[in-house]
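>>> test case, fold it:
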Amino acid sequence: MPAALDEGHLRKDLEKAGHRVRSVGTREELDSALDTGSYDLVFTDFKSAPSVETEAKGASSKPTVLPTLFNPSDADLAAATKEYHCVVKAPGSQKDYLAVVNEAMAIRAKELKAEKQR
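Residues are numbered from 1 along each chain as shown. From the prediction side, this is the model:
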């Protein structure tokens with residue numbers, strides 16, 4: 001994931017658009033961040049996405065997990081897109097990153113609204 005954040009300019013582009021980015025390097029740091037903070041989205045590499053998604057569902061803010069692929073093959077990108085609706089491909093343009101973030105946030109808002117109506 002660090003390659004996508006730094007080499008792919010994902011971090012810079014997200015911050016430039018006004019998003020706050022917090023990075024964690026270990027599972028313990030992720031657990032601590034989820035326990036103490038409120039997050040809308042969690043970016044993670046595709047291979048870690050299932051376990052991160054399980055942890056995110058247990059957090060009070062229940063952030064949406066966005067699998068992120070750095071220089072993916074067409075097959076890897078297709079597999080990720082099939083499994084997850086929103087996927088970040090890095091490197092990419094700021095417009096591409098923000099389009100995925102906006103789509104994920106729109107889906108999140110609909111899910112939260114539906115959950116409140118239950």
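
>>> show me where the chain has its helices.
Secondary structure of the chain (DSSP state H): helices located at 2-6, 10-16, 27-36, 49-57, 74-83, 94-116.

>>> got JSON lines for those, with mean neighbour count, distance to V65 and mean pLDDT too?
To be clear about C-beta, it is placed using only N, CA and C from the backbone, and glycine gets the same treatment. Converted to JSON lines, the helices of the chain look like this (neighbours: other C-beta atoms under 10 Å; distance: least, C-beta to C-beta, whole Å; pLDDT from 0 to 100):
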{"stretch": "helix 2-6", "mean neighbour count": "16", "distance to V65": "14", "mean pLDDT": "61"}
{"stretch": "helix 10-16", "mean neighbour count": "17", "distance to V65": "15", "mean pLDDT": "87"}
{"stretch": "helix 27-36", "mean neighbour count": "14", "distance to V65": "11", "mean pLDDT": "94"}
{"stretch": "helix 49-57", "mean neighbour count": "16", "distance to V65": "4", "mean pLDDT": "94"}
{"stretch": "helix 74-83", "mean neighbour count": "13", "distance to V65": "11", "mean pLDDT": "92"}
{"stretch": "helix 94-116", "mean neighbour count": "14", "distance to V65": "9", "mean pLDDT": "92"}
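
>>> so which of these gets nearest L66?
Of all the helices of the chain, helix 94-116 sits nearest to L66, with 5.7 Å by C-beta to C-beta.

>>> report all helices and strands that that closest one contacts.
On a contact count with 3 or more C-beta pairs under 8 Å, 6 or more residues apart in numbering; DSSP states H and E, helix 94-116 meets helix 10-16, strand 41-45, strand 64-70, strand 88-90.

>>> what angle separates it from strand 41-45?
If you take axes from the mean of the first three to the mean of the last three C-alpha atoms, to 10 degrees, helix 94-116 sits at 120 degrees to strand 41-45.
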